[in-house]
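Trainee: Return atomic coordinates for the entry below.
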Amino acid sequence: MDHYGQYDLSGIKDNELEPCPRVWDPLRKTWSDDWKEKLFDVEVSGYKNRYENMQYRLADILADPTNLIEIVNYGIENPESSTNAVGELLEQLYQTDKHQVLITADGYNQWFQPTKMPSFRYSNCN
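Mentor: Modelled structure (predicted):
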């Protein structure tokens, strides 16, 4: 478990690039995060409180797992940490030299379907 504890709660590894950078969309003539300006104050404070409560890593709670099944079980029992658990699990599997590992994900293409959530954030993003 030499590589354990390098992922944050959203599954982003330390020293990786920003997953959702602020970029200019020339077609829509707007920045990718301009939707934030349209939020009500109560929404902004709600997001802020939620983000502050989520400033921890799996390694802060599950300090020293002895095997991978501990990480898997913790992710199953605590859905808010499941993305972090998957990141930690995959990192351990990528770094192992003891066994050959093949990782498959059934229905992976379903993750990239357009959202059905009605929101101004997604207008003109087709």
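Trainee: Which residue is the nearest non-sequential neighbour of residue 84?
Mentor: Leaving aside its sequence neighbours, residue 84 sits nearest to residue 58 (CB to CB, 6 or more residues apart in numbering; 4.4 Å). (Glycine included, C-beta is placed from N, CA and C.)
Trainee: Determine the number of other residues adjacent to that neighbour.
Mentor: The tally of other residues near residue 58 (other CB atoms under 10 Å) stands at 26.
Trainee: ok, so what distance separates residue 26 from residue 66?
Mentor: Relative to residue 66, residue 26 is positioned 52 Å away (CB to CB, to the nearest Å).
Trainee: brain fart, residue 16
Mentor: Where residue 66 is concerned, residue 16 sits at a distance of 27 Å (CB to CB).
Trainee: and those two? which has more neighbours close in?
Mentor: residue 16 (11 against 7).
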